[in-house]
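**Q** sequence and predicted model, in that order:
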Amino acid sequence: MNQIKFFGNICKHTNTNNISTDLSNHSINQMLDILNNKYNIDQSLLDSNNLLIAINNVEISVLNNHDTVIKNGDVISIISVSHGG
C-alpha cells in the first residue's frame, strides 16, 4: 500500500490532501495515469511539467525521473507548482 500526499493547488481540485492506494511496481508516469483515470483528477493538474514529485522525501529527478518505480510502502508527495494569480 502507498500513501499519496497532495500539496498546493491540487488539494483544492481533488478535495483531499492524501490518498491510500497500492501503486507497487508502477512507474511515476503510470501513477499519474492511474490517478487521472481512477480518481478523475483533471489531467492538466497532473501535467508533469507543473508538478514536483518526491518519493519518501526524495525528489524524483535524483532517482529515475518519471520512470522511477514505486515500491510497497513508499510515500509519494505531489506538489503543484502552478497557482492562481
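**A** That came through fine. Residues are numbered from 1 along each chain as shown.
**Q** run a quick neighbour tally on L45.
**A** Applying other Cβ atoms under 10 Å, we find 21 other residues in the vicinity of L45. Placement of C-beta: from N, CA and C, glycine included.
**Q** mind checking the SS state of it?
**A** Classification of L45 by DSSP: H, G, I helix; E, B strand; the rest coil places it in coil.
**Q** residue contacts, it?
**A** Under the criterion of Cβ atoms under 8 Å, 6 or more residues apart in numbering, the neighbours of L45 are N9, I10, H13, T14, S80.
**Q** inside helices: which ones of the residues you listed?
**A** Applying DSSP state H to the contacts of L45, the entries found in helices are N9, I10, H13, T14.
**Q** which of those residues are buried? Put it as a ChimeraX command.
**A** Those of the ones in helices among the contacts of L45 that count as buried under 16 or more other Cβ atoms under 10 Å are selected in ChimeraX with:
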select :9,10,14
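**Q** now the ones in helices among the contacts of L45 as JSON lines including distance to N64 and pLDDT?
**A** Written out in JSON lines, the entries for these read as follows (distance: Cβ to Cβ, whole Å; pLDDT from 0 to 100):
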{"residue": "N9", "distance to N64": "26", "pLDDT": "82"}
{"residue": "I10", "distance to N64": "23", "pLDDT": "82"}
{"residue": "H13", "distance to N64": "27", "pLDDT": "77"}
{"residue": "T14", "distance to N64": "25", "pLDDT": "80"}
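**Q** quick check, nearest of the ones in helices among the contacts of L45 to N2?
**A** T14 (15.9 Å; Cβ to Cβ).
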